[in-house]
Structure formats: C-alpha cells, structure tokens
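Trainee: I'll drop the sequence and a predicted model, then ask my questions.
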Amino acid sequence: MALSSQFDNVVGLAEIFMVRTLGPSAISAVGISRQIVMVIGITMVAVTTGAMTMVAQAVGAKDVDEASATAKQSITLVFAVSSLISGLGYLGSPFALQMMSLPPDVIVLGVPYLKWFFLSLPLMGVHFTINTCFHASGDAKIPLYIALVSNVARLVLAYGLIYGEWDLPAMGVAGAAMGGLAGACVGVAISMVALYSGRFGVTITKETSFWPDANRARRILKIGIPSAVQGLFRNGSNLIFVKFIALTANSTVALAGFSIGNQMERVLRRSTLAFGTASSSLVGQSLGAGNADEAEQRGWTALLISLALMITMGLPIAVFATDIMSVFTSDAQVIAVGIVYLWAIAAAEPFMCASVTSGGSLSAAGDTMPALYYTLIAQWVVRLPVAYVLAFPLGMDIDGIWAALVIFSALQSVLTVRKFAQGKWKTRRI
C-alpha cells in the first residue's frame, strides 16, 4: 500500500522537476494548486472510508454478496459526488487561487492546471474507490500494478504537453495537469477489468447492483462523513497555512520552498496514510470475524511498525535536506527556506503517523468521530494560531510557521493513540 501510494508523490515531484526551468512561479503554481487538489479530493473519503470498513468486515465474515454490494454502491456514490464537485471546481478555480493571496503570476499559471484537474476528478474518484475495496480485502498488489501503469502514462503525456514534444502542443504548467486526465482514464479502465475478473480480493456478484440503495448508502456515509469532514478541516487548515506563507516577508521564495518541500512531506504522508489504510483493513477483518482481541493486537502492531518506518524514512530527508532542495532549484534563498521545512517535516511526521494509524484502527470499528474532534483541536485551535503568533507578532517569519508543524502533530498523536488505547471501540457495531 505504501509503495502504490508513493506513485502520486513521484508524479508530483516529476511535475515540479519538469516545470523547474520555467521559474519559481511555475514551481509555485504546481505546488500550491496541488494543495487545493488535496482539499477537493478529500471529499471522496466520505465514501471510501465507509467502503473500507464495510468491505473489510464483510471479507472477515466471508460474506461475498455484502462486499460486492458495498463496492458497487461506493462506486455509484463517489461518481455522483465527484461529478458535482468537478463542475463547481472548474468554474471556481480562479477564485480559489485568489483567496490564497498568491502573486498574480502564480495565479495565471495555476488556473489552467486546476481546471484540468477538475475535469479528471470523477474518473480519479472511481479509480480510488476500487483500489480502496481491494485494500479492504487485503489485496495490495493489484492497486500497486495499476498505479504503476496509469502513472507512467500520466507522466509521458505530461512531459509531451509541457514542452511540446512528439508534435503535441506546448502547454507549460497546464500540460502537467492534462497528463493527469490521461492517467485517470487508464487507471479506471484497468481497475474495472480487475474488479470484474473476480481474481483480486473482491468478487462482483450478479445479485448486487450499481443502482442507488438508500439504506446501504446511509451506512457508508454514516461511517465516512466524519472522516471526510476531518479531511476537509485538515486540508482547509493547510490552505490557511499556505496563506500565512504567502504573507511572509519574501512570499515568492517561501512559496517555492514550500512547494518543493511539500512533495517530500507527501512522500512521508502517503506512507503514513497507507499504514492507516492497512490498519483499517486488518482490524476490520478481525472485527468482522468476531475476534476483538486479535483486532487490538493488529492495531498496536501496525502502529509500531509504521512508527519505525517513518523515523527511518524521515532521517535521510533531514540529513540530505540541502541535496534534496538543490535537485529542484539553484536559487539559494529557496534552498535555505526549504531546508528548515524539511527538518520540521522529519520531526513532525512520526507523530502524525501515530495519529493516522491509530485513527485507521478506530475507523475499522466505525468509530470515526474522535479523529474529527482531534483534528479540529490540533489543527485549528493550536496549529494556525501558533503559526500566526510565531511568524508575525513574535517575528520568526517563515521559521515560526515551520515550528508549528511539529507542535500540532505531537498533540494530535497523543490524543488519538490515547483514544485507541482505551479500547471502547472493540464493542462498537456498524
């Protein structure tokens, strides 16, 4: 799961690498637009979190029809939701970038990138949902292979459209996002074939339907909506965080440093989220089989393994921070800002990993409200006020914003792990 989730990060790094010759504004346009992409994409979690819980428990209980019905209903729901968001987002792309106080040249480059993303959103949603169902069944290999093929197609077309290779139009930054549409088409086609083959964890049965089922949809959304709201608050906090960066003394330099460093943060965060998904799958299957003690043991095991991995991955990023930044830019000011950001990421991510992995175990039981509450407390009550005070009234500027990352991550970790350790989730029924 961690490997397949990293392909999106590789694409993000490759997009920034490919547009680096177009200057800091192009780097910022891609990096900041991807922040907005994360906020919009998180709405799909309302469906996929519920699908993860219900499919995992159905697999644990060996109920093939229940797993099939949940998978089909999840695809229907996510396509409907993402299609609505696609239309609204396409029209609102300029407004979204303007609200973040970005320099005009960054906005000009970012708008076409966002519009192409919104056009591909429904296909991306379906692809992500099918992969979630495979993960819930414990099959992590087929999503890895699909991600590999679809992202290779995405990068090849993006390169051609950015620079005008192979008689394609030279679209610059917009070409990077248009490649995403091609990758989404390939991903959906392959994942649908895999789903209907019945060979990869989830078997689609004729007795189940894609037609909307109000009762099943209600069960999926009851579990998933708190997680989606949590994601919206988390990524909404990130947008305000970016707005603070745009208000610092040298905003163009700070935004470019953030855009590069944020791709490395996503490398760690994707692995963190993968372990959250793995813990949901394993704990959910144990709960579905009626073995709560095994579920708890699996939750703690996932937590310890993920922490060890995150510390191991974070150390090289901190040690080689200068070399990492130098790959993407030769601007000394951008490199200096990005180095401190990478240090903060390496310190903060193990805490965030503990929070996400324990939250995944709680989600397996359908207990998704605590993670929502803790996100509100850590990211809105603590992170944003602390970042603002450190950066502006106390005069730390961009370094104060980076320091706030570590503070809120530690708090969210303590709250979530403590909730998991209490064990009340073991008696919950969905």
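Mentor: Sure thing, it's come through.

Trainee: quick one: secondary structure of Gly395?
Mentor: Put simply, Gly395 is coil when judged by DSSP: H, G, I helix; E, B strand; the rest coil.

Trainee: any idea how far it lies from Leu405?
Mentor: Relative to Leu405, Gly395 is positioned 18 Å away (criterion: CB to CB, to the nearest Å). (Each C-beta comes from the backbone N, C-alpha and C, glycine too.)

Trainee: next one: Thr129
Mentor: Applying CB to CB, one obtains 30 Å for the distance of Thr129 from Leu405.

Trainee: try Thr312
Mentor: Separation of Thr312 from Leu405 (CB to CB) stands at 20 Å.

Trainee: looking at the two, which one has more neighbours?
Mentor: Set Thr312 next to Leu405 and count neighbours by other CB atoms under 10 Å: Leu405 wins out with 23 against 10.

Trainee: gap between the host helix or strand of the more buried one and the chain center?
Mentor: Here Leu405 sits within helix 398-422, counting by DSSP states H and E. When distances are taken as CA atoms, centre = their mean, to the nearest Å, helix 398-422 is centred 18 Å away from the chain's centroid.

Trainee: I'd say Ala391 and Thr248 touch.
Mentor: Yes: with contact defined as CB atoms under 8 Å, Ala391 counts as touching Thr248 (6.6 Å).

Trainee: now list whatever residues contact both of those two.
Mentor: Common neighbours of Ala391 and Thr248 are listed as Asp397, Ile398, Ile401 (criterion: CB atoms under 8 Å, 6 or more residues apart in numbering).

Trainee: touching, the second one and Ala254? I think so.
Mentor: The one in question is Ile398. Yes: counting by CB under 8 Å, Ile398 touches Ala254, with 5.0 Å between them.

Trainee: ok, Leu394 - contacts?
Mentor: Taking CB under 8 Å, 6+ apart as the definition of contact, the neighbours of Leu394 are Gly400.

Trainee: how near is Val55 to Gly224?
Mentor: The gap separating Val55 from Gly224 is 12 Å, by CB to CB.

Trainee: brain fart, Asn215
Mentor: Asn215 sits at a distance of 15 Å from Gly224 (criterion: CB to CB).

Trainee: more neighbours, the two?
Mentor: Each of Asn215 and Gly224 had its neighbours counted (other CB under 10 Å), and the higher figure belongs to Gly224 (26 against 8).

Trainee: the helices in the stretch 151-300 of the chain, which residues?
Mentor: Listed in chain order, the helices of the stretch 151-300 of the chain (DSSP state H, counting those that start in this stretch) span 173-197, 214-246, 251-288, 292-319.

Trainee: could you export those helices as TSV, including distance to Gly359 and mean pLDDT?
Mentor: Putting the helices of the stretch 151-300 of the chain into TSV (distance: least, CB to CB, whole Å; pLDDT from 0 to 100) gives the following:
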stretch	distance to Gly359	mean pLDDT
helix 173-197	26	83
helix 214-246	8	78
helix 251-288	6	83
helix 292-319	10	92
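
Trainee: mind putting these in JSON lines, distance to Gly423 included?
Mentor: Converted to JSON lines, the helices of the stretch 151-300 of the chain look like this (distance: least, CB to CB, whole Å):
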{"stretch": "helix 173-197", "distance to Gly423": "35"}
{"stretch": "helix 214-246", "distance to Gly423": "19"}
{"stretch": "helix 251-288", "distance to Gly423": "12"}
{"stretch": "helix 292-319", "distance to Gly423": "7"}
